[in-house]
Each structure stands twice: as C-alpha cells, then as structure tokens.
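K.L.:
Quick check, what structure comes out for this input:
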Amino acid sequence: MNILPIPTGAYQEMCYLVWGPEKKALVFDPGFDADHILQSLAENKLAVEAYVLTHTHYDHINALADLVDQAPAPIIVHSKDWEWAFSERNQSPPYYPRPRKPETDNIQWLESSKDWKFADLKFQVLETPGHTPGGCCILFPESQFMIVGDTLFKGSCGRTDLPGGDSRQMTASLNLLKSLPNDIRIFPGHGEDSTIGHEKATNFYMR
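P.N.:
So this is what the prediction gives:
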C-alpha cells in the first residue's frame, strides 16, 4: 500500500493519494491546486478510482470539481457534510472561494456502509463528528493506517467553533479513536503524521 501526502493551498491542507499494486488511486480531500494533484497522479501513473472526503470544509474540497471534470470518478462523502458543502458559509476569502459543485451524480454516502472496496483497496469508515456534522476517519486495517481529516492532529484536534462544530461530539469521536490499537498510523488534514499510541500518550485532547 502506498500513501502520498500533497500539501495544498494557503492552509497547507493535506490531500492524500492512496494506491496498491493495481495503480488505481483513492484521492482524499483535494483541497486546492488541482493541477498539482493531477501532475502527482500522472507522475505515479495512477488512475483515479474515487474521491473520498473526510469532511467538506472549503480548504479540503476546493479542487474537487476541477478534478472530477478532468478525471471523473465516484465521490464518497457523508451526506450530512455534502448538504452544506457548496453554500455561501463554506468559504474563507481571499484564500478560498466557495467551492464549485462538481457536475456529477456519481455520489455515494460514507455512512451507508462500514466496509468499502475499490479496486485492490479496502477501508473502513469511522463516523467522527465534532469538527463537522459528517466528519469521518478512514481506516485501512490491513495496512494499519488511517486518514483522519481534521478530527485529530499531532498534538491537537479539530476546532469545534466553526459552523456545524460540536464539542461533545468531538469528545465522543476522540474516545472512539482512543479505542483503536496504538500502532495505527494517522495521517491528518494538516501537519505531520503520528500514531494513535503517541497521541494517547502526549495529546491533551486524547487524555
């Protein structure tokens, strides 16, 4: 299993490409810089199998429509986040405009199943609201790593003071992540990767 982090945009949001031997990639959270993401796909000779969104804040989905235009594939997202993703409140000028809605009906809801398979990639969905109503973490159990979006960071956790945030839900979500094995590697939406064990031992919000 391969994972390539791609920092994007003014907030250095982390888009991730994940692929296996079949060279069919999942694109996680394409926040900005669509051309750079497409270049990374081409350099690694990857075809897009699906776009997976941990949540839909502007800095995580601003490149989505451009990518779908040029490399069509299913969009996998929680319905509670999709319903407000392209509204006026989801922007941060001058850095991020309101995201353009992709012109596709090929959308599947993350909450519809715990277990997913695309090509040779298998993952599980953990619903982790708190930062947003439909926030999710994506666990690859065979490879022991997880894309956590803005639910958990190295040394911190996602904000709950933005629209749709909920501190009680965030606490419950962090408690869910604490129940996972210590050696699971986490890849957050901003900053460095870490492990569940390291965050349980050092992260105030995980204590």
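
K.L.:
Test my guess that residue 33 contacts residue 10.
P.N.:
No: in this structure, residue 33 is not within contact of residue 10 by C-beta atoms under 8 Å, at 10.4 Å. To be clear about C-beta, it is placed using only N, CA and C from the backbone, and glycine gets the same treatment.

K.L.:
Comparing these two, which shows the higher neighbour count?
P.N.:
residue 33 (19 against 12; other C-beta atoms under 10 Å).

K.L.:
Tell me which residues are up against stretch 117-128.
P.N.:
1, 18-22, 24, 26, 49-50, 78, 110-111, 113-116, 134-142, 146, 148-149, 151, 173, 176-177 (C-beta atoms under 8 Å, 6 or more residues apart in numbering).

K.L.:
buried stuff in that stretch?
P.N.:
By neighbour count with 16 or more other C-beta atoms under 10 Å, stretch 117-128 contains the buried residues 118-119, 121-123, 125-128.

K.L.:
Kindly check the end-to-end length of that stretch for me.
P.N.:
One end of stretch 117-128 sits 20 Å from the other (C-alpha to C-alpha, to the nearest Å).

K.L.:
ok now it, how far from the chain's centre?
P.N.:
Here the centre of stretch 117-128 is set off from its chain's centre by 12 Å, with C-alpha atoms, centre = their mean, to the nearest Å.

K.L.:
if you average pLDDT over it, what comes out?
P.N.:
Mean pLDDT, computed over stretch 117-128, is 97.

K.L.:
Residue 9 touches residue 58, doesn't it?
P.N.:
No: taking contacts as C-beta under 8 Å, residue 9 lies outside contact range of residue 58: 9.1 Å.

K.L.:
so what sits against both of the two?
P.N.:
Counting by C-beta under 8 Å, 6+ apart, the residues touching both residue 9 and residue 58 are residue 96.

K.L.:
and those two? which has more neighbours close in?
P.N.:
Using other C-beta under 10 Å, the more surrounded residue of residue 9 and residue 58 is residue 58, with 23 against 18.

K.L.:
Now do the more buried one against residue 126, distance only.
P.N.:
23 Å (C-beta to C-beta, to the nearest Å).

K.L.:
ok, now which ones touch the closest residue to residue 19 other than its chain neighbours?
P.N.:
Leaving aside its sequence neighbours, residue 19 sits nearest to residue 25 (C-beta to C-beta, 6 or more residues apart in numbering; 4.1 Å). Counting by C-beta under 8 Å, 6+ apart, residue 25 makes contact with 17-19, 41, 44, 46-49.

K.L.:
What are the phi and psi values at residue 25?
P.N.:
Dihedral angles of residue 25 (phi, psi; degrees, to the nearest 10) stand at phi -100, psi 150.
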